[in-house]
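Asker: build me a structure from this.
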Amino acid sequence: MNSALICPSFTSGPPATLGHLSAIRESSLQGPKHDVSDLEGSYQSMDEKFLPRLCNWPSCKSVTLYGTIRDLQNHQTDVHVAAILKGWPGSCSWPGCNSKIFFKTSNRLESHVYNVHITPLCCTVAGCKHQRPFERQADLERHVASRHTDQRKYKCPYPRCRHTRTFSRKDKLKQHERTYHGQFACQLNHCIYGFLSKEKLQNHDSRSWEHGGHECHLGSCGRTEASRFCRYTTLRWHLEDDHMIPSEAASQAIKKLKYPDTLTSAHFPDGFSDFRDCEGCIKKLKEAASGKEEKEEK
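Answerer: Down below sits the predicted model:
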């Protein structure tokens, strides 16, 4: 991206405000101050006269000499910026612009020119390493929320989801739900994952850390479909979350398992019965019984 095209010899930092046609031109009067320390004299006003000069916009053929900042801004805004804003559909033709976006509407191109080139929409958080301007205010707000905000207020609604627990942005949570809880659901019992494609589902099914060779026969779990738990991850989580078994007791029982094996009450100390029945399996059994009754009635 080209640095300030308007009088670059007395600007520093981000590009000077060129003016966004007539409205932006007026607001530019309230914009960043120009650094005039390297010029003879001190120019305090947009209308202050300086040594007449030609337009410094690349390939500009104008031979007019401009004697004030305002005059030069007006020329570049009305001629060069206006020409760029008419260049849709297409890419941005601002000198030095590296954007590969294809702009299909005038509003989209206008937003890009204003936020990236005229008045760069940059992150103002001290120490931020992201130097490039943002295309839209919403993009800047998402950046601040994800990079500079400690609060992670969006939580995955699936209670046993271990992929990640909370998100700083709502769109990231939605993306997570589509990716890990999508329409192609895993058919194994107790598995909460679903994916965007059959290929991703097959990849999930083949991962040894998500599905293994162990089953749970505690309570109602012994009367439902296969779960194919992995011993030290999904089976342990199932015992702790669904049966409310203390972590230490669950770990000790799991260590007694062979591969493949089925966990029963026999893997716990004699007389152990301090576990909650699995609500998910209870629900499945009720649904199965209800479906069976409906078929018999028909």
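Asker: going by C-alpha atoms from here, please, whenever you check contacts or count neighbours.
Answerer: Will do.
Asker: from C161, how far off is the residue most central in space within the chain?
Answerer: Among the residues of the chain, the one closest to the centroid is K172, at 5.0 Å (Cα atoms, centre = their mean). Distance, K172 to C161, using Cα to Cα, to the nearest Å: 15 Å.
Asker: roughly how far does the residue nearest to the centre of the chain sit from C92?
Answerer: K172 sits 29 Å away from C92, going by Cα to Cα.
Asker: one more: S220?
Answerer: 63 Å.
Asker: what do you get for A288?
Answerer: Distance from A288 to C92, by Cα to Cα: 60 Å.
Asker: cool, G182 as well?
Answerer: From G182 to C92 the distance is 37 Å (Cα to Cα).
Asker: let me see the ranges of the helices in the stretch 101-250 of the chain.
Answerer: For the stretch 101-250 of the chain, the helices defined by DSSP state H, counting those that start in this stretch cover 106-112, 137-147, 170-180, 198-205, 236-241, 247-255.
Asker: can you pull the contacts of F184?
Answerer: Shown in contact with F184 (Cα atoms under 8 Å, 6 or more residues apart in numbering): G194, F195, L196, S197, K198, L201.
Asker: need the pLDDT of the fourth one.
Answerer: To tie it back to what came earlier, the one meant is S197. At S197, the pLDDT value in this model is 84.
Asker: for it, which residues are in contact?
Answerer: Counting by Cα under 8 Å, 6+ apart, S197 touches F184.
Asker: I'd assumed L201 was in contact with C186.
Answerer: Yes - contact criterion Cα atoms under 8 Å: C186 and L201 qualify, at 6.8 Å.
Asker: find residues that contact each of these two.
Answerer: Counting by Cα under 8 Å, 6+ apart, the common neighbours of C186 and L201 are G194.
Asker: can you report phi and psi for the nearest residue to G213 once chain neighbours are set aside?
Answerer: Spatial nearest neighbour of G213, chain neighbours left out: P260 (4.6 Å); criterion: Cα to Cα, 6 or more residues apart in numbering. Dihedral pair for P260: phi -80, psi 160, per degrees, to the nearest 10.
Asker: and the pLDDT for P260?
Answerer: Looking at P260, its pLDDT is 87.
Asker: and it, what does it touch?
Answerer: G212, G213, H214.
Asker: just the ones of those residues in strands?
Answerer: When DSSP state E is applied, the contacts of P260 are split such that H214 fall in strands.
Asker: quick one, strands of this protein?
Answerer: Under DSSP E, the chain gives strands at 49-53, 66-68, 154-155, 166-167, 184-185, 194-195, 214-216, 261-263.
Asker: what's the closest of those to H117?
Answerer: Proximity to H117, assessed across the strands of the chain by Cα to Cα, is greatest for strand 66-68 (21.6 Å).
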